[in-house]
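**Q** Next come a sequence and a model predicted from it.
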Amino acid sequence: MKQYLDFIKHILDNGEKKSDRTGTGTISTFGYQMRFDLSKGFPLLTTKKVFLKGIILELLWFIKGSTNIKELVDNNVKIWNDWPYKKYTESAEYKGESMEEFIEKIKTDEAFAEKWGELGPVYGYEWRHFEGKDAEKDQLKWVINEIKTNPDSRRLIVNSWHAAYIERMALPPCHMAFQFYVRNGKLSCQLYQRSADAFLGVPFNIASYSLLTMMIAKICGLEPGEFIHTFGDCHVYLDHLEQVNLQLSREPKPLPKMIIKRDVKDIEDFKYEDFELVDYDPHPAIKGKVSV
């Protein structure tokens, strides 16, 4: 996708070296926006192969309101493994287990998984159980009902940034708030992402929220419109420079198409098997280390 390559170029051309929480170091700049017309194809990167199964299963996990990695681990989705493993290695219970041994314990030991696979009140929890003083709000269910009944509202917002709970989260939300907009029978979504790992995270975020927009459009009887991706801190980690330059050397290919195969009426009824990606012919995958 040209939009993504332009985003990478912008960071490299306009960013400056900056220290960060992980100690890796970044090239960082502040403020950027990309737009994707979902009628022109599904915005999954073609300059490297992207792990779509992980994107879909993580999104379904968010929608359930889940906060424990066991469900993802059981499906060989590794997106969230690094943060609970790091917490475990810093505990008195750590006995030198490797990441692989830690994950095997998550798979096979329910009590261990319940304790060490828990991430705290991260995305899915905030989407479905945003807590206030006297009540909690199912933001996702509420916003879908509003889209159906009050589509011109300017309050079609889901917020993952619960300031009172940040310290309880394994990772404070990077993609922290999203807003829907209905016009001429089409549903668009704008995401605000406070912190954007341009190489590893952003390709997942583009695809995930584009798919979420398609899913909600489907159950609301609308067509997908645009996905608009707005950023705060945009950065390339210093240990990803070789990888992003390799991507910049590759010519983007035509976008694939995403088909939702079943006439789903409720957001909680979607299953992995409901999605079919066609005509995806990416360049080979490029690996990179997650900074935690």
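**A** Noted; the coordinates are in hand. Numbering: from 1, shown residues only.

**Q** Quickly find the element holding Ser195.
**A** Using DSSP states H and E, Ser195 falls within strand 186-197.

**Q** Neighbouring strands of that strand in the sheet, and parallel or not?
**A** strand 175-183 (antiparallel), strand 223-237 (parallel) (DSSP bridges).

**Q** ok, and for it, which residues are buried?
**A** Applying a neighbour-count criterion of 16 or more other Cβ atoms under 10 Å, one finds 186-193, 195-197 buried in strand 186-197. Glycine gets a C-beta too; all of them are placed from N, C-alpha and C.

**Q** Which parts of the protein are helices?
**A** With DSSP state H as the criterion, the chain has helices at 2-14, 52-64, 70-74, 82-89, 99-108, 110-116, 123-129, 139-149, 201-219, 241-248.

**Q** Return the mean pLDDT over the third one, rounded to an integer.
**A** Model confidence over helix 70-74, given as mean pLDDT, is 96.

**Q** for the longest one, same thing?
**A** Predicted confidence along helix 201-219 averages 97 (mean pLDDT).

**Q** Just the CA atoms of it, as CSV, please.
**A** Taking Å, rounded to 0.1, in the frame of the first residue of the first chain, the C-alpha atoms of helix 201-219 are listed here in CSV:
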residue,chain,number,x,y,z
GLY,A,201,2.2,-2.9,15.0
VAL,A,202,0.7,-0.5,12.4
PRO,A,203,0.1,-3.2,9.6
PHE,A,204,-1.9,-5.2,12.2
ASN,A,205,-3.8,-2.1,13.3
ILE,A,206,-4.8,-1.0,9.8
ALA,A,207,-6.2,-4.5,9.0
SER,A,208,-7.8,-5.0,12.4
TYR,A,209,-9.8,-1.8,12.4
SER,A,210,-10.7,-2.0,8.7
LEU,A,211,-12.1,-5.5,9.4
LEU,A,212,-14.0,-4.2,12.5
THR,A,213,-15.5,-1.5,10.3
MET,A,214,-16.6,-4.1,7.8
MET,A,215,-18.1,-6.3,10.5
ILE,A,216,-20.1,-3.5,12.1
ALA,A,217,-21.2,-2.2,8.7
LYS,A,218,-22.5,-5.7,7.9
ILE,A,219,-24.6,-6.1,11.0
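
**Q** Pull out the buried residues from that helix.
**A** For helix 201-219, by 16+ other Cβ under 10 Å, it's 201-219.

**Q** ok, now the last one?
**A** The neighbour-count check on helix 241-248 (16+ other Cβ under 10 Å) flags 243-244, 247 as buried.

**Q** Identify all contacting residues around stretch 109-121.
**A** Outside stretch 109-121, the residues that touch it by Cβ atoms under 8 Å, 6 or more residues apart in numbering are 67-70, 73, 80, 83-84, 87-88, 102, 105-107, 129, 131, 162, 165, 168-171.

**Q** Quote the end-to-end distance of that stretch.
**A** End-to-end distance of stretch 109-121 (Cα to Cα, to the nearest Å): 22 Å.

**Q** Any buried residues in that stretch, and which?
**A** By neighbour count on 16+ other Cβ under 10 Å, the buried set for stretch 109-121 is 112-113, 116-121.

**Q** Format the residues you listed as TSV; extra columns: distance to Ser291 and pLDDT.
**A** Converted to TSV, those look like this (distance: Cβ to Cβ, whole Å; pLDDT from 0 to 100):
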residue	distance to Ser291	pLDDT
Phe112	26	96
Ala113	25	96
Trp116	21	97
Gly117	21	97
Glu118	22	96
Leu119	17	97
Gly120	20	96
Pro121	23	96
